[in-house]
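>>> Build the 3D model from these lines:
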Amino acid sequence: MSKAFGGVHALQDVSFEIRAGEVHALMGENGAGKSTLMKILAGLHQPDSGEIRMGGRTVRMRTAHEAMRHGIAMIHQELMPIPDMTVAENLLLGREPRGMIPGTIDRGAMRQEARRLLKLLDMELPVDRPMRELSVAGMQTVEIARALGWDASIVIMDEPTAAISEREANALFGVIRSLKARGVAIVYITHKMDEVFRVADRITVLRDGRTVATSRATELDETRLIALMVGRELGEFVRRSRTTQGEHVLSVRGLSRAGAFRDVSFDVRRGEVLGLGGLMGAGRSEVACAIFGLTPADSGDILVNGRHARIGGPADAMRLGIGMVTEDRREYGIVPDMSVTHNVTLACLGRCCRGMIVDHAREAAMAAKAIGSYTIKARNRRQPVRQLSGGNQQKVVIARTMSTEPDIIILDEPTRGIDVGAKTEVHAIVTGLADQGKTIILISSELPELLALCDRILVMRQGELSAELDPSRTTQEEVLKHAMPI
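All right, here's what the predicted structure looks like:
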């Protein structure tokens, strides 16, 4: 299989085999070609050359519907909900149960089937709620459940656990075991090494659009797999050395928002990395969004450098020296049709101007520096961001956040969808910022990341703070104990 976009080869003569009843992990750095290959299989892209065979017969996937008719379902890395339709309508889209009267839908049967699919993942979302009211993790859960509902013979899972907590991930792994037992083939794409060796039977590695190796999972270890992916050895990430911390820079007092979080209070010092842990829906992201002004709190106080701050929106937060990398890069992060340059400089365009006129040379220089600093893989700085891989889009969001030179930085799942090499680079960035005296709030569903990077961890449970832990004296199990619902 080969595919090029605008002269850039995404895939070059790639061969890939899937067997019934196996989990085949497809691994590689961002831009390696994993998602492109799967989108061809799912009928979303057409190959320039190559063929697809099912059961020994050559088939063509001209559309996503054709792929579904052949029994191929895909859970996409980028969420694609229909925001104003309900959870049930999204789950059963394209296969709605018919009512007694021709041309109508049996709404009761639809709700019942939606609840059944969510129960497979040990989830109880309100099926009549509009999708736009769900968290990113909730939308991810619906995406997974929708794919399972197609009763497919091949299920492609592209970063299925990127936005869900360990509890939901464990439920998904149970579903995977059930699918395997029924003879369903599963293609599993992830950047989480522990998941690969937990679920995969075989592993294929892509690098720069080419097949590097296919091996049984038992024949590889994490070090060897990373070396195949990035073409070099990466040392293990070690716990960050604590820096000397200064005065309180950010204080939150009694912050509350109905239905999201209650009476949240904490302080963060200069040079400190404060972690926020918890399960999906615990309120971590909602607290972060309140501090940044995306969804302001109903009550409570925010103090910046000891002074009460009135934050009615992100512009107020940025003027106070607060920057944020949001959990949902498509909703609040990237502007898909704008170039890499314009996305990077969007938050600090005033620095690229001479009077009222944009100095394009200065803007280009700023973008080029960001592309180099954050190793953003793009054809050139004028390439639309929608054409980049998910991980490189995330790097663009990080670069733009840092372009305003904030003193307080909120990182909500900053390594979601980022490969192991880039993840190591982001970890180094966090460490470097803390060493420079920046104040950082880090939200992550990856507990090893919190334990390695943070000076303190606050655990949230059902909208409230349940514990404050010292990462050097605690374990993943201890964090989870305080995160689990009572």
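>>> which SS state does the closest residue to residue 429 other than its chain neighbours fall under?
Closest residue to residue 429 apart from its sequence neighbours, by Cβ to Cβ, 6 or more residues apart in numbering: residue 398 at 7.5 Å. From N, CA and C alone the C-beta is placed, and that goes for glycine too. Under DSSP: H, G, I helix; E, B strand; the rest coil, residue 398 falls in the helix class.
>>> Repeat that for residue 256.
State at residue 256, reduced to three classes by three-state DSSP: strand.
>>> Surely it touches residue 263?
Yes - Residue 256 is in contact with residue 263 according to Cβ atoms under 8 Å; the separation is 5.8 Å.
>>> Now do the shared contacts for these two.
Residues within reach of residue 256 and of residue 263 at once, by Cβ atoms under 8 Å, 6 or more residues apart in numbering, are residue 300.
>>> Pick out whichever of those two has more residues nearby.
Neighbours were counted for residue 256 and for residue 263 using other Cβ atoms under 10 Å; residue 256 has more, 17 against 13.
>>> Which residue ranges make up each domain of this structure?
3-81+134-230, 237-321+406-486, 332-404 (automatic domain parsing).
>>> Quick one: closest of these to residue 120.
Of all the domains of the chain, domain 3-81+134-230 sits nearest to residue 120, with 5.5 Å by Cβ to Cβ.
>>> Could you give the average pLDDT over that closest one?
Domain 3-81+134-230 carries an average pLDDT of 87.
>>> Stretch 260-278 too?
For stretch 260-278, mean pLDDT rounds to 95.
>>> Kindly export that stretch (C-alpha atoms) in CSV.
Taking C-alpha atoms only, stretch 260-278 is exported to CSV below (Å, rounded to 0.1, in the frame of the first residue of the first chain):
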residue,chain,number,x,y,z
ALA,A,260,-19.0,19.8,37.9
PHE,A,261,-17.0,20.4,41.2
ARG,A,262,-17.5,21.6,44.7
ASP,A,263,-15.4,23.7,47.2
VAL,A,264,-12.1,23.1,45.6
SER,A,265,-9.2,24.9,47.3
PHE,A,266,-5.4,24.7,46.7
ASP,A,267,-2.2,26.7,46.3
VAL,A,268,0.6,26.3,43.8
ARG,A,269,4.1,27.8,44.3
ARG,A,270,6.6,29.2,41.8
GLY,A,271,8.6,26.4,40.3
GLU,A,272,6.2,23.7,41.4
VAL,A,273,4.5,21.0,39.2
LEU,A,274,1.1,20.3,40.8
GLY,A,275,-0.6,17.1,39.5
LEU,A,276,-4.4,16.7,39.3
GLY,A,277,-5.4,13.0,39.2
GLY,A,278,-8.8,11.3,39.1
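>>> I'd like to know the beta-bridge partner residues of residue 215.
Taking DSSP bridges as the rule, residue 215 bridges to residue 203.
>>> And it, how close does it get to residue 18?
In this view, residue 215 and residue 18 are 15 Å apart by Cβ to Cβ, to the nearest Å.
>>> Show me what the strand or helix carrying residue 291 is packed up against.
Per DSSP states H and E, residue 291 falls inside helix 284-292. Other elements packing on helix 284-292 under the criterion 3 or more Cβ pairs under 8 Å, 6 or more residues apart in numbering; DSSP states H and E are strand 248-257, strand 261-269, strand 273-278, helix 314-319, strand 322-325, strand 408-412, strand 439-443.
>>> Repeat the analysis, applying 7 Å as the threshold.
Where contact means 3 or more Cβ pairs under 7 Å, 6 or more residues apart in numbering; DSSP states H and E, helix 284-292 is packed against strand 248-257, strand 261-269, strand 322-325, strand 408-412, strand 439-443.
>>> Rebuild those strands as CSV, extending it with distance to residue 355.
Listed next are those as CSV, based on distance: least, Cβ to Cβ, whole Å:
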stretch, distance to residue 355
strand 248-257, 34
strand 261-269, 38
strand 322-325, 26
strand 408-412, 30
strand 439-443, 34
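>>> which residues sit in contact with the residue nearest to residue 429?
Residues near residue 398 by Cβ atoms under 7 Å, 6 or more residues apart in numbering: 325, 374, 414.
>>> just residue 188 next, same as before
Neighbour list for residue 188: 23-25, 157, 199-200 [criterion: Cβ under 7 Å, 6+ apart].
>>> Show the residue spans covered by the strands in the stretch 101-250 of the chain.
154-158, 185-189, 202-207, 210-216, 248-257 (DSSP state E, counting those that start in this stretch).
>>> Adding distance to residue 429, write those out as a markdown table.
As requested, the strands of the stretch 101-250 of the chain are exported to a markdown table (distance: least, Cβ to Cβ, whole Å):
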| stretch | distance to residue 429 |
| --- | --- |
| strand 154-158 | 25 |
| strand 185-189 | 24 |
| strand 202-207 | 24 |
| strand 210-216 | 27 |
| strand 248-257 | 19 |
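>>> re earlier: settle it for me: which of residue 215 and residue 18 has more neighbours?
Ranked by neighbour count (other Cβ under 10 Å), residue 215 and residue 18 place residue 18 first, with 19 against 14.
>>> wait, doesn't that one sit right on residue 153?
No - between residue 18 and residue 153 there is no contact under Cβ atoms under 7 Å: 9.8 Å.
>>> residues near residue 401, how many?
Residues lying near residue 401 (other Cβ under 10 Å) number 22.
>>> And the residue nearest the centre of this structure?
Nearest to the geometric centre of the chain sits residue 416, at 3.6 Å (Cα atoms, centre = their mean).
>>> quick one: that residue and residue 169, what's the gap?
Plainly put, residue 416 is 13 Å away from residue 169 if you go by Cβ to Cβ.
>>> Same question for residue 434.
Noted for residue 434: a distance of 28 Å to residue 169, by Cβ to Cβ.
>>> Does residue 248 touch residue 267 like I think?
Yes - under the criterion of Cβ under 7 Å, residue 248 makes contact with residue 267 at 4.7 Å.
>>> Can you check what pLDDT the model gives the residue of the chain positioned farthest from its centre?
Relative to the mean C-alpha coordinate of the chain, counting by Cα atoms, centre = their mean, the farthest residue is residue 101 (42.2 Å). As predicted, residue 101 sits at a pLDDT of 90.
>>> can you count the residues close to residue 216?
Using other Cβ under 10 Å, residue 216 is surrounded by 10 other residues.
>>> ranges for the helices of the stretch 51-200 of the chain?
Counting by DSSP state H, counting those that start in this stretch, the stretch 51-200 of the chain has helices at residues 64-69, 87-91, 107-120, 136-148, 166-181, 193-199.
>>> how about TSV for the ones you listed, with mean neighbour count added?
As requested, the helices of the stretch 51-200 of the chain are exported to TSV (neighbours: other Cβ atoms under 10 Å):
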stretch	mean neighbour count
helix 64-69	16
helix 87-91	25
helix 107-120	17
helix 136-148	23
helix 166-181	16
helix 193-199	16
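>>> possible to save those helices as CSV with distance to residue 370?
Converted to CSV, those look like this (distance: least, Cβ to Cβ, whole Å):
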stretch, distance to residue 370
helix 64-69, 35
helix 87-91, 36
helix 107-120, 40
helix 136-148, 25
helix 166-181, 33
helix 193-199, 28
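>>> wait, which of these is closest to residue 12?
Counting by Cβ to Cβ, residue 12 lies closest to helix 64-69 out of the helices of the stretch 51-200 of the chain; the figure is 22.6 Å.
>>> Report the distance from the closest one to the chain centre.
Mean-position distance between helix 64-69 and its chain equals 26 Å (Cα atoms, centre = their mean, to the nearest Å).
>>> got it, and stretch 123-131?
Using Cα atoms, centre = their mean, the mean C-alpha position of stretch 123-131 is found 21 Å from that of the whole chain.
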